[in-house]
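Trainee: Fold the following.
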Amino acid sequence: MRVAIVALLLASIAAMTSGHPTSVTGRAATAVGDIASRAVAYARGLPPGNGTIEGLDPKVVRQTAVYTGYPQGPLAPGETHAIPVIVRNQGDDTWEQTGPHAVKLAYHVYDAAGTLVAWDGLRSALPTDVAPGSDATVAMVLTAPPVTGIYTIKPDLIREGEAWLSSEDAAPGAFTLRVTTDLDAGYGPTTAPATIVPGGDVPIEVHIANTGLQAWPAGGPTPVRLGYHWLDGTPIAVLWDGARAILPHDVQPGEELAVTVTVHAPRAEGTFILAWDMVQEGVGWFSGHAVSTKHELVRVQDGVTFYGKGWGHGIGLSQWGAQGWAEGASGVKLTGEQIVARYFPGAQLANQPITSPFRVLLSAPSTGCVGRTIGDVARMYSAGGMRLVNTLDPSVVYFDLGPDHGLRVWTDGDALYARDDAGTRTARLNSDESFTLAPKQFWDPIAIDQKGLSYRGTLVFQVRDASALRVVNDVSSDDYMAGALPGEMPSQWQMEALRAQAITARTYAAWRQSTAGDRTWDVRDDTADQCYGGHSFESPRTTAAVASTAGLILTYAGAPIRALYSSADGGITENVGCVLDAQRVGTTWQCQDGWPYLPEAADPAEAAAYDARGPMPHTLWSASFSGAEIREQIIEDYGTDIGTFVSMEFNMSPGGRPISVRVRGTDASVDLKGDRFLRTTLGLKSTLVRTIPF
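Mentor: Presented below is the predicted three-dimensional model:
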């Protein structure tokens with residue numbers, strides 16, 4: 001908001017000026033100077049009229065500058081201008097005008113993105129020695145940058161041969177400088193493709209703004225047009241005179257609009273720069289008169305090669321990132337609690353309330369992450385014996401089995417049956433009833449032949465839709481975690497990474513339970529939820545991690561959060577509103593607000609993480625598809641035939657993942673949800689992708 005208001009104030013400056021900026025005089029000059037003063041003060045977070053840059057603790061030697069003069073309107077590229085600056089010495093030493101320790105006023109220049117453009121600005125001498133507590137007015141001589149744009153100028157005093165005063169806790173000043181000419185342009189977002197076939201044609205929408213001092217004529221003998229150049233990496237022009245886009249009307253200073261131009265790709269394959277450039281016909285390209293072009297990298301290729309980072313949706317905790325943070329890969333080693341705080345900064349650690357056991361679905365389509373599941377029949381046994389009872393009335397006992405004595409449960413139509421291995425008798429229930437199988441000794445797990453695994457707690461058998469068998473494991477929260485953690489993270493990893501995963505996975509299961517509604521189970525035992533192998537998966541290290549975080553979950557507003565995690569986020573986590581929860585708006589997909597406890601955030605520890613097998617394996621990967629393969633997949637998944645593939649365009653989220661993917665063909669174009677198309681349709685590891693290595 002502050003930047004937008006500053007932009008409006010600066011636009012007011014432009015509106016009050018005409019011709020060369022030095023032509024502003026008299027009352028207009030005073031008004032423009034006042035507007036600029038208020039704009040700069042507001043940009044610095046100061047009340048209008050107060051230009052003081054405060055120092056640090058008054059006991060520390062400091063120098064504070066007060067700015068009371070600005071350029072009278074914008075400056076032309078390369079123009080030199082003197083700006084009256086009042087400097088106040090609030091230190092303990094006199095600033096000497098001359099001599100070996102003379103103090104002078106200079107400045108640093110930064111562009112609109114905050115990148116340093118020039119550090120050593122011109123030096124301006126003090127008019128006299130400045131004693132502590134005294135002021136002096138300095139004519140700060142400033143040379144404008146040679147290219148148009150919005151810059152931040154930071155006045156800074158320097159004691160020649162020693163140091164800048166800003167290195168001694170004296171903050172430099174700061175004000176905004178607009179550098180422009182009569183004809184100037186700014187370029188906003190475009191719909192340029194990430195990749196295009198050689199010689200392909202694609203319409204591209206480009207947002208442009210008249211940031212100059214004069215209108216752009218749409219007609220007449222010297223109209224202004226939007227054009228483009230194709231450059232190679234040198235950059236040498238592969239094509240200089242691209243097609244022009246005609247303006248719909250004369251464009252006034254400060255006006256913004258979108259125009260569409262059909263771009264023809266180079267014939268050769270490679271990575272090229274698509275440079276947008278305004279041109280005044282018969283006069284010249286704007287780029288020849290100190291105006292920057294907008295550059296976009298485009299891959300020209302017959303087909304598409306994706307270069308990606310990470311593995312999974314990239315939302316919430318990164319398992320490889322947790323390993324890196326626990327190892328101290330980015331500095332200090334973090335505890336499990338500190339790691340989850342990095343990935344879920346809006347959540348609070350809390351003790352899980354006493355609830356009913358987790359209900360884990362073990363039957364089809366679950367696989368337990370071992371490729372085996374339960375169909376219509378299950379056979380169980382336990383070392384200490386088992387007891388099969390009626391779920392609603394446990395006093396009704398159907399079987400009381402001895403050690404390792406097997407029991408089979410199956411369905412036939414809408415009925416549920418059970419029979420022991422001896423086959424002496426059979427129990428039958430209707431479809432609205434269920435069996436519960438419990439070990440006689442609570443510490444003994446129950447083995448299921450069809451899974452090849454054994455489970456703590458009890459098993460509940462039901463008839464589900466289509467007369468199939470449903471098997472659900474009722475198990476305590478921490479016993480569930482002891483059987484799930486080893487399936488989600490290698491047991492030999494750092495203990496604090498295991499602890500972070502335990503808190504996250506327990507939270508996810510608690511959230512699933514709290515939102516189960518009328519389901520008869522809470523979580524599945526495979527990657528659709530969490531990879532759970534029961535007692536068979538347990539290991540001493542993971543069980544210790546579970547025990548050390550017993551009952552800990554993450555909450556927001558008092559409820560368990562949806563604590564998502566993935567193998568690797570590629571170095572930055574993503575806002576769920578831009579991936580899983582992206583919504584169709586008009587003809588494309590756009591980010592939604594997401595969840596308050598899951599913002600996007602940099603993850604510098606991930607790429608540096610190691611385990612016993614070596615470094616993180618998902619740092620950079622690639623996958624290639626022909627145009628025909630992409631066409632076939634779109635037909636199969638979306639029912640649209642695009643014809644021969646031409647180009648692919650990404651609409652990127654702030655975190656760098658495509659919210660939507662537009663695929664153009666000779667017959668049709670489609671705008672597809674990025675996460676579904678890239679990970680489900682094409683089967684890529686993640687959506688953090690480019691068509692050029694990054």
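
Trainee: What residues of the helix or strand encompassing residue 205 count as buried?
Mentor: Counting by DSSP states H and E, the element that carries residue 205 is strand 201-210. Applying a neighbour-count criterion of 16 or more other CB atoms under 10 Å, one finds 202, 204, 206, 208-210 buried in strand 201-210. In this view, the C-beta of every residue, glycine as well, is placed from N, C-alpha and C.

Trainee: likewise stretch 103-121?
Mentor: 103-110, 121.

Trainee: what about the chain, any weak spots by pLDDT?
Mentor: 1-72 (pLDDT under 70).

Trainee: Centroid-wise, who is the farthest residue in it?
Mentor: Taking CA atoms, centre = their mean, the residue of the chain most remote from its mean C-alpha position is residue 424, at 62.3 Å.

Trainee: who's in contact with it?
Mentor: Contacts for residue 424 (CB atoms under 8 Å, 6 or more residues apart in numbering) come out as none.

Trainee: again, but for the one 5 residues further on
Mentor: The neighbours of residue 429, taking CB under 8 Å, 6+ apart as the test, are 390, 415-417, 435.

Trainee: swap in residue 372?
Mentor: Counting by CB under 8 Å, 6+ apart, residue 372 has contacts 450-452.

Trainee: any idea what it is structurally, helix, strand or coil?
Mentor: coil (DSSP: H, G, I helix; E, B strand; the rest coil).

Trainee: measure it to residue 451 for me?
Mentor: According to CB to CB, to the nearest Å, residue 372 and residue 451 sit 6 Å apart.

Trainee: Spell out the residue ranges of the helices in this structure.
Mentor: With helices called from DSSP state H, the chain shows them at 2-16, 26-43, 319-327, 336-343, 477-488, 495-514, 540-548, 627-638, 674-675.

Trainee: Which elements pack onto the third one?
Mentor: Right, helix 319-327. Secondary-structure packing of helix 319-327 (3 or more CB pairs under 8 Å, 6 or more residues apart in numbering; DSSP states H and E): helix 336-343, helix 495-514, strand 610-611.

Trainee: What distance do you get for the residue nearest to residue 338 when sequence neighbours are not counted to residue 496?
Mentor: By the measure of CB to CB, 6 or more residues apart in numbering, the closest residue to residue 338 outside its immediate chain neighbours is residue 325, 7.6 Å from it. According to CB to CB, residue 325 stands 8 Å off from residue 496.

Trainee: What is the nearest of the buried residues of stretch 103-121 to residue 176?
Mentor: For those, the minimum distance to residue 176 (CB to CB) is 10.2 Å, reached by residue 110.

Trainee: Specify the beta-bridge partners of the closest one.
Mentor: Note on residue 110: beta-bridge partners residue 116, residue 152, judged by DSSP bridges.

Trainee: circling back: among the buried residues of stretch 103-121, which one sits closest to residue 520?
Mentor: Nearest member of the buried residues of stretch 103-121 to residue 520, counting by CB to CB, is residue 110, at 61.0 Å.

Trainee: Tell me which residues touch the closest one, please.
Mentor: Per CB under 8 Å, 6+ apart, neighbours of residue 110: 116-117, 151-152, 154.

Trainee: which one of the contacts of residue 372 has the most neighbours?
Mentor: residue 451 (25 neighbours; other CB atoms under 10 Å).

Trainee: quick one, phi/psi of that residue?
Mentor: Dihedral angles of residue 451 (phi, psi; degrees, to the nearest 10) stand at phi -90, psi -30.

Trainee: What of the one 5 residues further on?
Mentor: For residue 456, the backbone dihedrals (degrees, to the nearest 10) come out as phi -80, psi 170.

Trainee: Break the chain into its domains for me.
Mentor: According to automatic domain parsing, the chain comprises the domains 2-179, 185-302, 358-556, 584-690.

Trainee: how about these, which one is nearest residue 313?
Mentor: Using CB to CB, the nearest of those to residue 313 is domain 584-690, at 6.9 Å.

Trainee: how far is stretch 145-155 from where the chain is centred?
Mentor: 30 Å (CA atoms, centre = their mean, to the nearest Å).

Trainee: Need the residues that contact that stretch.
Mentor: Outside stretch 145-155, the residues within contact range by CB under 8 Å, 6+ apart are 10, 65, 67, 77-78, 85, 105-112, 114, 117-118, 121, 140, 142, 144, 172-181, 184, 211-212, 290-292.

Trainee: Next step: the residues you listed restricted to strands.
Mentor: Among the contacts of stretch 145-155, DSSP state E puts 65, 85, 105-110, 117-118, 140, 142, 175-179 in strands.

Trainee: returning to what we had before: put together CSV for the helices and strands packed on helix 319-327, with distance to residue 594 on each row.
Mentor: What follows is the helices and strands packed on helix 319-327, written out as CSV (distance: least, CB to CB, whole Å):
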stretch, distance to residue 594
helix 336-343, 14
helix 495-514, 16
strand 610-611, 31
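
Trainee: Now for residue 665: which residues touch it?
Mentor: Applying CB under 8 Å, 6+ apart to residue 665 gives the contacts 631, 641-646.

Trainee: give me that answer again for 10 Å
Mentor: Counting by CB atoms under 10 Å, 6 or more residues apart in numbering, residue 665 touches 627, 630-631, 634, 640-647.

Trainee: ok, of the residues you listed, which come out buried?
Mentor: 627, 630-631, 634, 640, 642, 645-647.

Trainee: Return the member of the contacts of residue 429 nearest to residue 679.
Mentor: Among the contacts of residue 429, and counting by CB to CB, the member closest to residue 679 is residue 416, at 38.3 Å.

Trainee: Not counting its neighbours along the chain, what's nearest the closest one?
Mentor: residue 429 (4.3 Å).

Trainee: Over to residue 587?
Mentor: With CB to CB, 6+ apart, the residue lying closest to residue 587 is residue 671, at 5.8 Å.

Trainee: And the strands in the stretch 501-650 of the chain?
Mentor: Under the criterion DSSP state E, counting those that start in this stretch, strands of the stretch 501-650 of the chain are mapped to 523-524, 552-556, 559-560, 565-566, 583-585, 588-590, 610-611, 614-615, 621-625, 645-652.

Trainee: I'd like those strands laid out as TSV, including distance to residue 600.
Mentor: Below are the strands of the stretch 501-650 of the chain laid out as TSV (distance: least, CB to CB, whole Å):
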stretch	distance to residue 600
strand 523-524	26
strand 552-556	17
strand 559-560	22
strand 565-566	14
strand 583-585	17
strand 588-590	15
strand 610-611	25
strand 614-615	24
strand 621-625	21
strand 645-652	12
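
Trainee: Tell me which residues touch the closest residue to residue 188 other than its chain neighbours, please.
Mentor: Distances taken as CB to CB, 6+ apart put residue 207 closest to residue 188, at 3.3 Å, once the chain neighbours are dropped. Going by CB under 10 Å, 6+ apart, residue 207 touches 186-191, 256-259, 294.

Trainee: among those residues, which are in strands?
Mentor: 186-190, 256-259, 294.

Trainee: and which of those is nearest residue 359?
Mentor: Distances from residue 359 to the ones in strands among the contacts of residue 207, taken by CB to CB, are shortest for residue 189, at 47.8 Å.

Trainee: The closest one reaches residue 276, doesn't it?
Mentor: No - judged on CB atoms under 10 Å, residue 189 makes no contact with residue 276 at a distance of 11.2 Å.

Trainee: Quickly list what's touching both of those two.
Mentor: Shared contacts of residue 189 and residue 276 (CB under 10 Å, 6+ apart): 206, 294.

Trainee: the more surrounded of those two?
Mentor: It is residue 276, of residue 189 and residue 276, that has more neighbours when counted by other CB under 10 Å, with 24 against 12.

Trainee: returning to what we had before: which neighbours do residue 372 and residue 451 share?
Mentor: residue 366.

Trainee: circling back to that earlier point, biggest separation within the contacts of residue 207, which pair?
Mentor: Farthest apart among the contacts of residue 207 by CB to CB are 186 and 191. That separation is 17.3 Å.
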